[in-house]
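K.L.:
Pasting a predicted model and its sequence here:
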Amino acid sequence: MTSLDLLPPQRSAAITELRLAPAEATWLRAIGLCEGVRVTLLRGAPLGGPLHVRLSTGAELAVDRELARYVEVDAPTDEVPA
Amino acid sequence: MNAAACTVALIGRPNAGKSSLFNAVTGGHAKVGNFPGITVELLDAKVKLPSGEHLELVDLPGVYTVEGEADPHSDEGHARRFLELAQKATQPLVIAQVIDATQLELGLRLTLELRRRGVPVVLIATQHDALVQQGFELDARTLEEGLGVTVLATNARHAGLQQKVLELLGDAWRQRRTPPTGDLDVHALASKVLIPRIDAKEAFARVRRRTERLDAVLLHPVLGPAIFLGLMTALFAAVFFISEPFTALIDLTNQALGTRIEGWLGTGWLSSLLVDGVLGGAGTVLAFLPQIVTLTIVMELIDASGYLARGTFLVDRLLRFAGLGGRSFVPLLTAHACAIPAINSARIIRDPGQRLRTILVLPLMTCSARIPTYGLLITTFFADHSAWFKGALFVGLYFAGIVAGFIASLVLGRTVKSTAQQRPLVLEMPPYRMPQAPVVGRVAWRSAKRFVKDVGSVILIAAVVLWALLTVPGPGDTHSAPPGASPRVVAMHGSVAASVGRLLEPVTRPAGFDWRLNVGLIGSFGARELMVGTMGVIFGIEGGEDDTAPLGERLREAKTSTGAPAYGPATALALMAFFVLACQCMSTLAAVRRETRSWRWPLFVLGYTYVAAWVVSVIVFQVASAAGL
């Protein structure tokens, strides 16, 4: 169990929990970050900028690094091809 | 025109291809609609069905969700309010969701929410060609059965698209079938309806590799920001270099026309009105059309290619440092064409405090209305320098605007309190796409049309009014006229406009501005383009009858009442500094008023930008003069 911001680059894990206020969590789920979705960390922006992630649904997102601390994921593995 | 039989609300996630579809169906013939209870402008078009009835198609802002909490003044808030009001209206409502076929699962979550609204819903799946490239096909029939909603799988480039969409909407309106409202597993449904072709895996990997390769370079920790900075510099430099020959051509045409008119009409007041007022005023501004079109085209290319999201990703950290955020990037970039659409686009910022702060600094970005003044001053007062120097100065002015915006935001951060907690960035990074020439062409054409219309209406009228205020003899002091000046020049020195300009001289003299530049500053209070227009009128009159020299030359040779050169590079730098900072645009202030729903903020913008403009231009003039410029 770890959080999204600690995921090593090019590794993938499934979202297990959003530790956020309900309204904010709802919005994140609508964008595509919901429980069960696998996330692969592609890269981080320089100087502590956002993270570039790919979801198992095919979408790619930029996610604020601070916010990623509240996205819990399970044990990292290699990316599973879609 | 016939009343519409029904309202069709076009809705979808950002980047779903909604606007391309709206353009394709309406043929680009949309107007900005006014809807009671909705404070923002929505694009609205009446389209005719094959059966003869009309439908009203409304393009809603992109949304991820229509449930849960939303700030009423954000895009999501506006879209929801529209749906609520349209559901209560007497005119029936059909919701048409545009869904990106390559992001089916995400889009279907929104479909479930829309189904729960209890009104007819149809689904238009775009990007089907991109889906096929990825090695899949959409089984529209199975999707229809699964959702209880009619589905059309298509591409924005599809030849018979308009016809197909109209048939779909017509059927939906006639049948008025409300979909089931229950929940279902969108992941399972998406997997069921996306049929892999034989080469699916390889095709998918190929498409993904292309975006990955580009991202590896464009988002590289060192190369990425360097390329971003280079691109921005190239964009601003292109505006200067590409359009210079075209501008010179329009300028020459103006001069030739002027000589012709004077040949026909002699040198009476009518000739002066046409040559100095209309051609000198409005015609000079028109010469900057190529710059404005170039800028629009490049901005559209950045947007349509998918690079916009990459830019946001790269600058988010920097913008957050300045108290803004990644979502401020799109408005900030848009403001380099025009602040008004930029202020509107600030609705994509979900955090109210961040949105306000972004709106307050947007007028500092270098909009295209500043280009005429910058272009004229640089080519006039730095004529002896190399083209590279002039280009660099021009680009420097753009960056000066950005730096000013950052500083203003930092200062505002201490004075304008954020009303809510910061909402962190979450943004979709769409795959790279090849911009479509017809779409880019249409955007360029629209910007050209708008600029010509502005010049032909507001600027033309203002130029003629200024001409009148400068020609009609007033009670002013005519002693400032240079010795041996023509009667018309003497009259201008005594005119109402000159008197007002002279009244301001004690305030503006430390910045090197005389009454003539002051008249220009008053003229450009409402719209920046009028600075060059006013200069055209003043120096057109000063030039006299047989002087058809370009405006730049006349500015360089302008004299004070003692016969000394009136302006030099120091004046030009100070005036440009003034233009970097001052919010000389009534339309921008009106937009700030509309978006903040208060007079306080537009007045604040007006006040702070003018004070900063005066202080900085005085400093620039004094320092530059001391340095011997």
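P.N.:
Thanks, I have the structure now.

K.L.:
farthest residue from the center of chain A?
P.N.:
residue A:47 (18.9 Å; C-alpha atoms, centre = their mean).

K.L.:
That residue against residue B:317, yeah?
P.N.:
Yes. With contact defined as C-beta atoms under 8 Å, residue A:47 and residue B:317 form a contacting pair (5.0 Å). Where C-beta positions appear, they are placed from N, C-alpha and C, glycine not excepted.

K.L.:
intersection of neighbour lists for those two?
P.N.:
Counting by C-beta atoms under 8 Å, 6 or more residues apart in numbering or on different chains, residue A:47 and residue B:317 have no shared contacts at all.

K.L.:
now residue B:55, what's its secondary structure?
P.N.:
Of the three states, residue B:55 takes strand under DSSP: H, G, I helix; E, B strand; the rest coil.

K.L.:
Distance check, it against chain A.
P.N.:
Distance, residue B:55 to chain A, using C-beta to the nearest C-beta, to the nearest Å: 28 Å.

K.L.:
Any idea what that residue is bridged to?
P.N.:
residue B:6, residue B:47 (DSSP bridges).

K.L.:
so it makes contact with residue B:6?
P.N.:
Yes. Counting by C-beta under 8 Å, residue B:55 does reach residue B:6; the two are 5.7 Å apart.

K.L.:
Check the contact lists of those two and give me the overlap.
P.N.:
Contacts common to residue B:55 and residue B:6, judged by C-beta under 8 Å, 6+ apart, are residue B:173.

K.L.:
Surely residue B:156 touches residue B:19?
P.N.:
No. Counting by C-beta under 8 Å, residue B:156 stays clear of residue B:19, with 9.1 Å between them.

K.L.:
Name the residue in the two with the higher neighbour count.
P.N.:
In this view residue B:156 and residue B:19 are compared by other C-beta atoms under 10 Å in any protein chain shown, and residue B:156 has more residues nearby, 21 against 17.

K.L.:
now that one, what's its secondary structure?
P.N.:
Residue B:156 is classified as coil under three-state DSSP.

K.L.:
Tell me, how many residues neighbour the closest residue to it other than its chain neighbours?
P.N.:
Leaving aside its chain neighbours, residue B:156 sits nearest to residue B:20 (3.8 Å; criterion: C-beta to C-beta, 6 or more residues apart in numbering or on different chains). For residue B:20, the number of neighbouring residues by other C-beta under 10 Å comes to 20.

K.L.:
Provide the secondary structure category for residue B:20.
P.N.:
Classified using three-state DSSP, residue B:20 is helix.

K.L.:
same check, this time on residue B:11
P.N.:
Once three-state DSSP is applied, residue B:11 turns out strand.

K.L.:
Report the spatially closest residue to it, excluding sequence-adjacent ones.
P.N.:
residue B:60 (4.8 Å).

K.L.:
For residue B:259, see how far away residue B:252 is.
P.N.:
Noted for residue B:252: a distance of 11 Å to residue B:259, by C-beta to C-beta, to the nearest Å.

K.L.:
now residue B:121
P.N.:
Relative to residue B:259, and taking C-beta to C-beta, residue B:121 is found at 65 Å.

K.L.:
Neighbour count: these two, which is higher?
P.N.:
residue B:121 (24 against 13).

K.L.:
how about the helices of the stretch 451-600 of chain B, start to end?
P.N.:
Here the stretch 451-600 of chain B has its helices, by DSSP state H, counting those that start in this stretch, at B:460-471, B:487-493, B:496-503, B:505-508, B:515-523, B:530-543, B:551-556, B:569-581, B:586-596, B:600-626.
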